[in-house]
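Colleague: here is my input, please return the structure:
(chains A and B)
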Amino acid sequence: MFQFILKRLGTVIPTFFGITLLTFTLIHMIPGDPIEIMAGERGISPERHAILSAELGLDQPIWKQYFSYVGGILQGDLGNSLVTKKPVVEEFFELFPATVELAFLAALFAICIGLPAGIIAAVKRGSIFDHTVMGVSLTGYSMPIFWWALLLMLVFSVNLGWTPVSGRIDVSLWIDHVTGFMLIDSLLSDEVGAFGSAIHHLILPSIVLGTIPLAVIARMTRSSMLEVLGEDYIRTARAKGLAPWRVIVIHALRNALIPVITVIGLQVGILLSGAILTETIFAWPGIGKWLIESIGRRDYPVVQGGILIIATLIILVNLLVDIIYGVVNPRIRHAK
Amino acid sequence: MNKGKVALSLSIASIITLGLSGCSDDKAAKDSSSVAAKKPVSFVYCSEASPEGFNPGLFTTGTTFDASSKTIFNRLVEFKLGTTEVIPALAESWDVSEDGLVYTFKLRHDVPFHTTKDFTPTRSFNADDVIFSFDRQGNAENPYHKVSGGSYEYYNAMSMGSLIKEINKVDEYTVQFVLNQPEAPFIANLAMDFASIMSAEQAKVFLEKGMAAQLDVMPSGTGPFALQQYQKDSLIRYAGNADYWDGAPAIDRLIFSITPDASVRFAKLQNNECQVMAFPNPSDRKMMEEDKNINLLSQEGLNIGYLAFNVNKKPFDDVRVRQALNMAVNKPAIIDAVFNGSGKAATNPIPPTMWSYNTDIKDYEFNLVKAKALLAEAGYPDGFETNIWAMPVQRPYNPNARRMAEIMQSDWAKVGVKAKIVTFEWGEYLKRASKGEHETILLGWTGDNGDPDNFLAVLLGCDAVGGANRSMWCNAEFDALVKEAKTTADQAVRTDLYEKAQVIFKQQAPWATIAHSVVFEPVRKEVKGYVIDPLGGHNFYSVSLEK
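Modeller: The predicted structure is shown next:
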């Protein structure tokens, strides 16, 4: 077992350094100067520019900057934002829960609607329902997120007044940042109606963010179900006189779900990293918007650190999962 | 990653995040806020971004100033609301010595600092606070100088370091600034955001507790609103300061709802989720005018959008070429297409609302025949090839630089000048412009303090070449006039000097002055007392809500 963990760790360390090198190189390859951006139209004298470059360590040769960055990481220091001067780690964990919360709800929305829609479309193949589901999901998949969000906002928030326009909670409610998850924090607060307000604020962003995954899941479920429904064992089940729902849910769906779950997994990964547009439109304080703004400002430590933390979380979780798999299934442990 | 791993990974990631997310106890601040027994009046402002911090000395953006200096802090002197007139604030009065070198300020008594969750003041505002606020920025030995990055760009940009010789505490309520040379805009400079007065007592307490950086996160000020809670990219919460020295504000709670997208800010305003919004889209103006729940306020901005010719590059070293291209700029077409009609053609480098604006100067007429003739006289009868740099960002003084460049390109082509439109990412654009890589460049400026020096010296002075002087134009006569005006106390004399400087500017034509934009801000009908700040800020002290 120990050897197995060591072997796994052996692959993690180079991956980790690979990510540091890649993010560092990419962000430094983009043209732009954080000091000039900070100075704006006012401009900055060459002398003052030199002083600030020295203070921020940007005057060092690029390889030296990289090694000092890696040195910092090894001591647990991801540096401070060039803009806010606050530690990158602190800013990341202040914002990450909002992204996780939105991604989770969007995934839930996509699964709850996409899965049944795909199943029914497959079962009623060629019906109006099938054509509708396929048509709607194709539209959903091809719709520009920005336009879709503004349209929903205009209809449901501005015209009908059913949902709030943006934000995470009614600003008149005082919610302390305890876990960062608004659904939990609102329950912990003593504000009446806070949880309801949090849910209310999640509706539109979740729908918008969940639309593309919903379309993908619905289409994948349909095609996977169609494939399974044509198998011999389904015909046998039907011939045995099993109730139709039993055939579909117990026999067909279970097998059809394998590729669907894989797709859901991939979609959730995309949701976590790809909520940038949704976060911007709905003023959702998550990491997508934070990273995009930081790229615009050439806030090197934030971009490097933010991506590194996300990657590290995924690497660590993978490692943990691998180890658990190894514990649970000795075949994996001993596989050559 | 296979399916099982995906699900497990996500659950674990969520748990890790939950455990790592910071826990803060803002409750104390909430509890300490004095909310009146009656239902408190809440006012929501849809702001455009998160502030970089809450110390206006450390940062340079209007977003940070709105969130800190306009709410939490005061300065010795301030701009009268809606104007650039300097009025007493924490200083009740001031005297200037005959030689213009010594400024003595009499400070206001009994001005309390806010109580925050980590700090309860034991004394009211006095001279120590003034000295600390400036010493931190100017004195590298001050224990706070390096805290929070320690970069004081506005202080440096206004040359305060070289200007202030010393600051003396005469008594508890009298402070003396001794300057190295006379500086007429000095008082206006002190009204700027970076000169906000922080609590020296809070600084001392935090330093002793080893939490110095917290001074810039949750500061105690003397302003009309006390900071209560900040959630990055989400909201900022303030409580109205019931003990404010100039009278308590009419609103009990002020909330900045951070909303980066302008269309969404407008939707929130329509939905009454906020009562004032920052920076509307010019294209939404018509809808705002038609909305019966919204008042659209407007005011001429203290700004200028211009095209600078790089006089260090041929053929722009020839004044005739610069004048000719001035004649080939169709300003009415630009104002129509780029400003949607809400702009004013610019003649001088300072806006018409600013004192010393020279009304006698006539603008170059749009005349392609004369322009072509002048180009021929300069030795370019068939024109030449050049470039126009167009900003990649939207600003009030130039809402669409690309479109502006296209109109110029088309008119210049008629006089034989083939211009290529060039653009870069904003930071790169500024960096290359500082190095003088451009031939002509679109840029602009919004005033900091209402003093003509803030336009003429900052944008056109010889000392600004390599900085904000993008035309690289250094005219000895112009520079001497502007420098003389800067050291002269008498405003009538200064006016005369600036008027002369504008004549030289117009004749030498280092820029094609394009337009001064009209700034507009939509507010809900219920909002009373909101005034547009000509300097671009957002102030809420004077507002109230009418039911």
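Colleague: shaky segments in the chain?
Modeller: With no chain named, the answer covers chain A. Residues of chain A meeting the criterion pLDDT under 70: A:1, A:269, A:272-274, A:325, A:328-336.
Colleague: look at chain B instead
Modeller: Residue ranges of chain B with pLDDT under 70: B:1-38.
Colleague: how about a cut-off of 50?
Modeller: B:1-36 (pLDDT under 50).
Colleague: return the backbone torsion pair for B:E166.
Modeller: Dihedral pair for B:E166: phi -160, psi 160, per degrees, to the nearest 10.
Colleague: so who does it touch?
Modeller: Residues near B:E166 by CB atoms under 8 Å, 6 or more residues apart in numbering or on different chains: B:177-178. C-beta here means a position set from N, CA and C on the backbone, and glycine is covered the same way.
Colleague: is the helix or strand hosting A:G305 in proximity to chain B?
Modeller: For A:G305, the host element (DSSP states H and E) is helix A:300-328. Yes: contact of helix A:300-328 with chain B (CB under 8 Å from any CB of the partner chain) involves A:313-314, A:316-318, A:320-321, A:324-325.
Colleague: for stretch A:100-113, list the C-alpha coordinates in CSV.
Modeller: Taking Å, rounded to 0.1, in the frame of the first residue of the first chain, the C-alpha atoms of stretch A:100-113 are listed here in CSV:
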residue,chain,number,x,y,z
VAL,A,100,-19.3,25.7,-6.0
GLU,A,101,-22.8,26.6,-4.8
LEU,A,102,-23.8,27.9,-8.2
ALA,A,103,-22.3,25.0,-10.1
PHE,A,104,-23.9,22.5,-7.7
LEU,A,105,-27.4,24.0,-8.2
ALA,A,106,-26.9,24.3,-12.0
ALA,A,107,-25.9,20.7,-12.2
LEU,A,108,-28.9,19.7,-10.1
PHE,A,109,-31.2,21.6,-12.4
ALA,A,110,-29.6,20.1,-15.5
ILE,A,111,-29.8,16.6,-14.2
CYS,A,112,-33.3,16.8,-12.8
ILE,A,113,-34.7,18.1,-16.1
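Colleague: contacts for that stretch?
Modeller: Residues outside stretch A:100-113 that contact it (CB under 8 Å, 6+ apart): A:181-183, A:202, A:205-211, A:213-214, A:217-218, A:264, A:267-268, A:271-272, A:275, A:278-279, A:284, A:286, B:13-14, B:17.
Colleague: among those, which lie within strands?
Modeller: Judged by DSSP state E, those include no members of strands.
Colleague: of those residues, just the buried ones, ChimeraX syntax please.
Modeller: Selection of buried members from the contacts of stretch A:100-113 for ChimeraX, criterion 16 or more other CB atoms under 10 Å in any protein chain shown:
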select /A:181,182,183,202,205,206,207,208,209,210,211,213,214,217,218,264,267,268,271,272,275,278,279,284,286 /B:13,14,17
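Colleague: can you tell me which of the contacts of stretch A:100-113 are in helices?
Modeller: Among the contacts of stretch A:100-113, the members found in helices (DSSP state H) are A:182-183, A:202, A:205-211, A:213-214, A:217-218, A:264, A:267-268, A:271-272, A:278-279, B:13-14, B:17.
Colleague: next, count neighbours for the one residue in chain A that gets nearest to chain B.
Modeller: Minimum separation of chain A from chain B (CB to the nearest CB) falls at A:G265, amounting to 3.0 Å. A:G265 has 20 neighbouring residues, counting by other CB atoms under 10 Å in any protein chain shown.
Colleague: ditto for B:E484
Modeller: Other residues near B:E484 come to 15 when the count uses other CB under 10 Å.
Colleague: cool, A:I30 as well?
Modeller: When counting by other CB under 10 Å, one arrives at 12 neighbours for A:I30.
Colleague: pretty sure it contacts A:D299?
Modeller: No: using CB atoms under 8 Å, A:I30 is not in contact with A:D299, being 11.9 Å away.
Colleague: tell me which element residue 141 is part of?
Modeller: Just so you know, I chose chain A. Assigned by DSSP H and E, A:Y141 falls in helix A:128-142.
Colleague: wrong chain, I was asking about chain B
Modeller: For B:E141, there is no enclosing helix or strand under DSSP H and E.
Colleague: I'd like the distance between it and B:D129.
Modeller: Shown here: B:E141 relative to B:D129, a distance of 19 Å by CB to CB, to the nearest Å.
Colleague: between the two, which has more neighbouring residues?
Modeller: B:D129 (24 against 6).
Colleague: give me the element the more buried one is part of.
Modeller: Taking DSSP H and E as the criterion, B:D129 maps to helix B:127-138.
Colleague: next SSE after that helix?
Modeller: Counting by DSSP H and E, what follows helix B:127-138 is helix B:153-157.
Colleague: quick one: is that following helix near chain A?
Modeller: Yes: Helix B:153-157 lies within reach of chain A by CB under 8 Å from any CB, at B:153, B:156-157.
Colleague: next, format the residues you listed as CSV and append neighbour count and distance to B:N312.
Modeller: Shown next, in CSV, are the residues of helix B:153-157 next to chain A (neighbours: other CB atoms under 10 Å in any protein chain shown; distance: CB to CB, whole Å):
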residue, neighbour count, distance to B:N312
B:E153, 20, 26
B:N156, 20, 25
B:A157, 20, 23
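Colleague: need these in CSV (columns: distance to B:A267).
Modeller: Converted to CSV, the residues of helix B:153-157 next to chain A look like this (distance: CB to CB, whole Å):
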residue, distance to B:A267
B:E153, 35
B:N156, 40
B:A157, 37
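Colleague: tell me how many other residues crowd A:H177.
Modeller: Counted with other CB under 10 Å, the neighbours of A:H177 add up to 21.
Colleague: check which helix or strand covers it.
Modeller: Here A:H177 is assigned to no helix or strand, by DSSP H and E.
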